[in-house]
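**Student:** need a structure here:
(2 chains)
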Amino acid sequence: MKELLPLKQVMGFAFSMILTFIAVTVYFSNMSFATGMTVLLVTAFLQAGLQLVVFMHASETEDKGAIYTNIYYALAIALVTVFGTLLCMIWGYI
Amino acid sequence: MEFFERFAIPHPSPAIYASMVAIGLTVIAIVAGLTYFKKWGYLWREWLTTVDHKHIGIMYLISALLMLFRGGADAIMIRAQLAVPDNKLLDAQHYNEVFTTHGTVMIIFMAMPFIMAFMNYIVPLQIGARDVAFPRLNALSFWLFFMGAMLINISFVIGGSPDAGWTSYFPLANNEFSESVGTNYYMFALQISGLGTLMTGINMITTILKMRAPGMTLMKMPIFTWSALVTNIIIVFAFPVLTVALIMGTMDRLFATNFFTSTNGGIDMLWANFFWIWGHPEVYILVLPAFGIYSEIISTFSGRNLYGYKSMVGSMLIISFLSFLVWTHHFFTMGQGALTNSIFSITTMAIAVPTGVKIFNWLFTLWRGKIVITTAMLYSLLFIPIFTIGGVTGVMLGMSAADYQYHNTMFLVAHFHMVIIPGVVFGMLAGLHYYWPKMFGFILDEKIGKWTAWIISMSTLLAFMPMFFSGLDGQARRMYTYSESTGFGIWNMISFIGAIGLAIGFVLIVYNIYYSTRYASRDISSDPWDARSLEWATHSPVPEYNFAIVPHVTSTDALWDSKYNNHVLFPGKYEKIHMPNNSGIPFILSCIFFAWGFSFVFGMWIPAIITTIGIFICLGHRSLEKDYGRYISVKEIEETETKLRGV
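**Tutor:** As a prediction, this is how the structure comes out:
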C-alpha cells in the first residue's frame, strides 16, 4: 500500500495546494498592501522550500550536505543583497 | 545609403581612421597567411572546434595577451594626454572613449581570460582529470567570451566606442547623455562574454567537485585548485547580478523602460548598486586565482610545503562570503547616511583580515625555505610589498568618513592599479613563466624574464605612486586636462614615464616569447622546477588524455611524495580512455551570438530575429544530437607514451 500511496508526496501536494489557495485569496480579499505582501512572501518561501525538499528530493541523496550548504549560502547572499540594497537606496538614504 | 549612416563614427579622428586601415590590413594578412600556408584545416580541426581544455586554455592565454596590448595602448594614450598641462593630444570625447575602453578591456577582456586560461589549463591536470566536466560547454564559454571581446573591439571603428566609463553609471549611460551606440556595445559585449563566464563557473565547480583523482579529498587538493573552486563559486553567485543589471540597462536604452531613469519612478543609483554587487566580488574573482598561483610558486621555489594550508583555504572561503558584503564602499558619497556607510566600512575592513592571513602564510612559507629566485618567483616576491601598498591605501579608502576626501580622485586610481597590477597582472605573468614549460615544452628565457620583472615592477611604482600625491592634492580622475597652475604637471609627467616603462616591459615579454621559441632548449624534463603537484607528473607538452593512468593521491603534494617519499602515483596498467569528440557548434553558435549582439546594438530588428532563431536552432541541434565520444585504444596510448618518454 505504501508504494501505491507515497504519503510524504501526497501530503506535500495537499500542503502545496493549500499554500496556493491562501496566496490566491490575497487577490480576492480587501487586505492592505502590507498584509497582502506579507502573506504572499511567507507562502512563496514556504512553497519554495516545500518544492525543494519534497519534490526535488533535496535531502534524499548523499549530496545532502552540499545541497543544503549551497541553499543556505545562496539564501544568505540573497538576503544580504536585498536588504543591503534597501539599506543603501531607501532606508539609509538621506 | 541611409541604412549605412548608422555605422559611421560620431566622433572621428585621424587616429581612428588609421586604426580602421590597420584592422583591415591585419584581417587581410591573417586570411592571406592562412590560405598561403594552407592552415585553414589545421585551424578548424585543432583550435576552432576543439573541446580540449588545454587548447582552450591556450586560446584564452593568447586572447588575454592581445587584449593586454589593446588596453595598454589605451593606457599610453591616457597618460600621454595627461603628461603635460592643457594638452591637446585627445579631446574630451575621445579621452572619455579611451578610458572607458581601457577599463572595460583590462578587467573583462584581459584579466578574466588570463585567469580562465590558467584555470582551464591547470585545474584538470592538478586534480588528475582527463578534461573538464562539460568539455563542449567549455568551448562555448571560450567562444562566447571571444565574441564579446570582438564586439567591444570593433565599437570604435563601427558606430562609436562606449564613453560612460567602465562602470557605465546611469543616468550618464542613458540615451539622453550617451547618444551613440557605444553604450549598447558595452551592454551586449559584457552580456555575451558574461554568459560564457557563468558557464565556466558551473563547469569548473562540477569538475572540481566530481572529477578528482582517487584519494584526493577536498582538503588534499592543491591550493590553486582550491582558489579556482572558490573563484567559481563567486562567479556563479555574482555574475547573474551583472546579467540582470545589463538586461535592465539594455531595456532602458533600447526599449524606453524606466529602471535607471531619474524620472517616472526609475532610480538611477540602482545601476551603481547592482554594478558593484557584481563588481566587488569580481575583484576577488580576479585576485583569488592569482593568489592560488602565488601560493603554488612560493611553495615550489621555497622547496617546502605551503605554510598554513588550512588557513589558506579558510581565508579564501571567508573572502568569498565577505566579498558580497562590501559593495557600498564603491559609492560612499552617493548619499547614504553615516550608519549605512559605517556598516559597509566595517565589513570592508574585515576583509583585510583573511587577506592579511594569506600574506603572512606566504611569508612563513618563505621562512627557512631553500629559496630559488626564478622569474616566476621574482614576480611573486615583488608582488608582496607592492600589493601591500595598494592594500593599505584600500583600507584608507574603506573608511567612509575619509573617503569623502579621496573619492573620485587619482588617489583612488592609484589604489586600484596598485592592487590589480601586482595582485592580478604579476600573478598572471608569474603563472605564464611558471607554467610555460608545461604548456609549450620549453622554458622562457630567465635573464630576459628577470629584467622584465624588474622593469615592470619599478615602472608600476613610477607610474602609480605619483597619483597618490596628485590625488591628495585634488586631481580628479577622468578629467581630460588640467591647468598649469594646479601643479599636477610634474606628477603626471612621472606617471607618463612609468607608463612608457610598463609598455617596454610588456614588449619585452613578447620578445622573450619570440626569443625563447627560437633559441630555448627543448630538452627539459616534464618537471623542470622540482614542483609538488600533479600537473607536473605528466609529460610536457601534455598528451590529450592528460594521464595515461589515473593517479592515486594521498596528500596535497602528491608528486613530491612520489619523488621523495616512495609514493606510487600511477598504480595499475593502461586501459582504453574515453574522450569527447570535437564540435563546431560552440564556434558557430558564438558567431551567431556576435551577429545577434551587433544587430541589437544598432536596433536592427530583422537580423536580430533571424539570429535569435539561429541560436535556438544550435541549441536544438545539441539536444537532439547523439554523441557518445570516442575511445583511445591501449595500443595508441602505449605508442604516445613511448614517444613522449623519448625512449
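**Student:** how near is residue B:181 to residue B:8?
**Tutor:** 11 Å (Cβ to Cβ, to the nearest Å). Just so you know, the C-beta spots here come from the backbone N, C-alpha and C atoms, and that holds for glycine as well.
**Student:** how about the residue in chain A that chain B sits nearest to: what's its closest non-neighbour residue?
**Tutor:** Using Cβ to the nearest Cβ, the single residue of chain A nearest to chain B is residue A:92, 3.1 Å away. The shortest distance from residue A:92 to any non-neighbouring residue, by Cβ to Cβ, 6 or more residues apart in numbering or on different chains, is to residue B:340 (3.1 Å).
**Student:** after the helix or strand in which the one you found is found, next one along is what?
**Tutor:** Assigned by DSSP states H and E, residue B:340 falls within helix B:338-366. Next along the chain after helix B:338-366, taking DSSP H and E as the criterion, comes helix B:375-398.
**Student:** would you mind pulling up the elements that that next one packs against?
**Tutor:** Under the contact criterion of 3 or more Cβ pairs under 8 Å, 6 or more residues apart in numbering or on different chains; DSSP states H and E, helix B:375-398 touches helix B:269-301, helix B:338-366, helix B:400-406, helix B:410-420, helix B:427-440, helix B:446-472.
**Student:** as CSV, those with mean neighbour count and mean pLDDT would be great.
**Tutor:** Formatted as CSV, those follow (neighbours: other Cβ atoms under 10 Å in any protein chain shown; pLDDT from 0 to 100):
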stretch, mean neighbour count, mean pLDDT
helix B:269-301, 25, 95
helix B:338-366, 18, 92
helix B:400-406, 16, 91
helix B:410-420, 22, 95
helix B:427-440, 24, 95
helix B:446-472, 20, 96
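**Student:** next, format those as TSV and append distance to residue B:174.
**Tutor:** Shown next, in TSV, are the helices and strands packed on helix B:375-398 (distance: least, Cβ to Cβ, whole Å):
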stretch	distance to residue B:174
helix B:269-301	9
helix B:338-366	26
helix B:400-406	27
helix B:410-420	24
helix B:427-440	35
helix B:446-472	29
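**Student:** right, and the ones you listed - which one's nearest residue B:98?
**Tutor:** Nearest of those to residue B:98, taken as Cβ to Cβ: helix B:410-420 at 14.3 Å.
**Student:** thinking again about what came up before, okay, and the common contacts of residue B:181 and residue B:8?
**Tutor:** residue B:159 (Cβ atoms under 8 Å, 6 or more residues apart in numbering or on different chains).
**Student:** those two - which one has more neighbours?
**Tutor:** Neighbour totals were compared for residue B:181 and residue B:8, and residue B:181 leads with 23 against 10 (other Cβ atoms under 10 Å in any protein chain shown).
**Student:** tell me the secondary structure for the residue nearest to the more buried one when sequence neighbours are not counted?
**Tutor:** Once flanking residues are discounted, residue B:181 sits nearest to residue B:159: 4.4 Å by Cβ to Cβ, 6+ apart. The three-state label given to residue B:159 by DSSP: H, G, I helix; E, B strand; the rest coil is coil.
**Student:** number of residues surrounding residue B:159?
**Tutor:** 20.
**Student:** show me which residues of chain B sit near chain A.
**Tutor:** B:209, B:237, B:241, B:267, B:269-270, B:273, B:277, B:321, B:324-325, B:327-328, B:334-337, B:339-341, B:343 (Cβ under 8 Å from any Cβ of the partner chain).
**Student:** next, residue B:180: secondary structure please.
**Tutor:** Residue B:180 is classified as coil under three-state DSSP.
**Student:** for it, which residues are in contact?
**Tutor:** Each residue near residue B:180 by Cβ under 8 Å, 6+ apart is listed here: B:10-11, B:159-161, B:163.
**Student:** which one of those residues is nearest to chain A?
**Tutor:** Out of the contacts of residue B:180, the member with the shortest distance to chain A (by Cβ to the nearest Cβ) is residue B:163, at 26.2 Å.
**Student:** any stretches of chain B with poor pLDDT?
**Tutor:** Chain B contains residues with pLDDT under 70 at B:1, B:646-647.
**Student:** which parts of it are strands?
**Tutor:** Ranges of strands within chain B are B:577-579, B:630-632, based on DSSP state E.
**Student:** mind giving me the domain split of chain A?
**Tutor:** A:1-56, A:61-94 (automatic domain parsing).
**Student:** pick the most buried one from those domains.
**Tutor:** Most buried of the domains of chain A by mean neighbour count (mean count of other Cβ atoms under 10 Å in any protein chain shown) is domain A:61-94; its value is a mean of 14.
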